[in-house]
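# Kindly generate the corresponding structure for this input.
(one chain, ligands or ions: 1)
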Amino acid sequence: MDRDISRLKDILNRSNYTVAVCGSGMAAESGFLGFKMAERAYEIERAYGASPEEIFTGGYYNTRTVQFFNFYKKEMLEKVPEPGAGSRVLAAMEKAGRLQCIITANVFEQEQRAGCENVINLHGSVFANRCPHCGENYAMEEIRDAKGVPHCRKCNSVVRPLVSLYGEMIDSRVMTRTTEEIGRADVLLLLGTTMQSEVFSNYIRYFNGKALVIIHKESHFSDKGADLVILDEPGRVLDQLGYTNG
Ligand SMILES: [Zn+2]
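Prediction:
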């Protein structure tokens, strides 16, 4: 382990452009379990009568709006996780000039709330909400605390959370920015995700730098494609790099 940490330090110190990719394993460390785990999916199906993949969709938002917001508020907005140790270290690394961009599939802005600046929220953010009709913006708390379905105070349309729902295309500008950042990187850090991740694999193909590092609790057959693999929680590993915020 100590050898891995010193190798990681060495890799980071030689890099001129480091990009971190944050997957579900980064949200898990701050307590958000997501919906992919079998037990969670089963609990949700029992509580709401449908799977997360059915409820968290444009179809539900449009036609079963009450059920959509009931699920969204209870399972996401009332469970917004605080930034974990990993996010705080990323902010310190960025401030020290050792990290240039953070790409995340998590929608809770843990990285920004920890102080990171150049962040791409690939799947949007629960903190951004907009009326699709008149463009009025709403804070997360206004959606969370609304009675039932949140309606626009100006035009009474249903407010739309600016997060990607299952099956939705990602904004093409966000996709372009993501491939550009990964294409520029000397070092790519995969935190709490794998090279074969459904979300990231198409972007990771654009990596053409010196070292690809995976820090993840679970091993995966595709890990052999990486230059360094540390099988542990990203926050715990990053914490040992010696970056402090302040
Ligand atoms: Zn409106």
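# Quick one: name the residues of the chain near the ion.
Applying the criterion Cβ under 5 Å from the ion, the portion of the chain that neighbours the ion consists of 131, 133-134, 136, 152, 154-155, 157. The way it works is simple: take the backbone N, C-alpha and C, and place the C-beta from them, glycine included.
# Any quick ChimeraX command for the buried ones out of these?
Command for ChimeraX, covering only those of the residues of the chain next to the ion found buried under the criterion 16 or more other Cβ atoms under 10 Å:
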select :131,152
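# Residue 178 belongs to a helix?
Yes - in this structure, residue 178 lies within a helix as judged by DSSP: H, G, I helix; E, B strand; the rest coil.
# how far away is it from residue 199?
Residue 178 sits 10 Å away from residue 199, taking Cβ to Cβ, to the nearest Å as the criterion.
# ok, these two, which is more surrounded?
residue 178 (21 against 18; other Cβ atoms under 10 Å).
# Pretty sure the more buried one sits against residue 203.
Yes - checked against Cβ atoms under 8 Å, the pair residue 178 and residue 203 is within contact range at 5.2 Å.
# Pass me the low-pLDDT residue ranges in this protein, would you?
Judged by pLDDT under 70, the chain has its weakly predicted residues at 1, 245-246.
# Which residue ranges make up the domains of it?
The record's domain split for the chain, according to automatic domain parsing, is 1-32+83-123+169-246, 33-79, 126-163.
# and these, which is most packed in?
Among these, the stretch with the highest mean neighbour count (mean count of other Cβ atoms under 10 Å) is domain 1-32+83-123+169-246, at a mean of 19.
# how close does the residue nearest to the spatial centre of the chain get to residue 66?
Per Cα atoms, centre = their mean, the C-alpha nearest to the average position across the chain is that of residue 106, at 2.0 Å. Plainly put, residue 106 is 26 Å away from residue 66 if you go by Cβ to Cβ.
# what ranges do the helices span in this structure?
Under the criterion DSSP state H, the chain contains helices at 2-14, 24-29, 38-48, 52-55, 58-63, 65-75, 85-95, 110-113, 140-144, 172-184, 201-204, 234-239.
# What is the fifth one packed up against?
Going back to what we said before, that points to helix 58-63. The criterion is 3 or more Cβ pairs under 8 Å, 6 or more residues apart in numbering; DSSP states H and E, and the helices and strands that helix 58-63 contacts are helix 65-75.
# quick check: longest strand of the protein.
Among all segments of the chain classified by DSSP state E, the strand with the greatest residue count is strand 124-130.
# Parallel or antiparallel, which strands does that one pair with?
Next to strand 124-130 in the sheet, as set by DSSP bridges, lie strand 137-138 (antiparallel), strand 160-163 (antiparallel).
# And the ones you listed: which comes nearest residue 118?
Between residue 118 and the strands paired with strand 124-130, the shortest gap by Cβ to Cβ is with strand 160-163, which sits at 19.1 Å.
# So what touches that closest one?
The contact list for strand 160-163 (Cβ atoms under 8 Å, 6 or more residues apart in numbering) reads 61, 72, 107, 123-126, 128-132, 143.
# and with 10 Å instead?
With Cβ atoms under 10 Å, 6 or more residues apart in numbering as the contact definition, strand 160-163 has outside contacts at 56, 58, 61, 68-69, 72-73, 76-77, 107-108, 121, 123-133, 137-138, 140, 143, 150, 152, 171.
# Tell me who's in contact with the nearest residue to residue 52 once chain neighbours are set aside.
Of all residues not flanking residue 52 in the chain, residue 35 sits nearest, at 3.7 Å (Cβ to Cβ, 6 or more residues apart in numbering). Contacts for residue 35 were tallied using Cβ under 10 Å, 6+ apart; they are 24, 41, 43-44, 51-53, 55-56, 75-76, 166.
# Check residue 168 too.
56-58, 61, 123-124.
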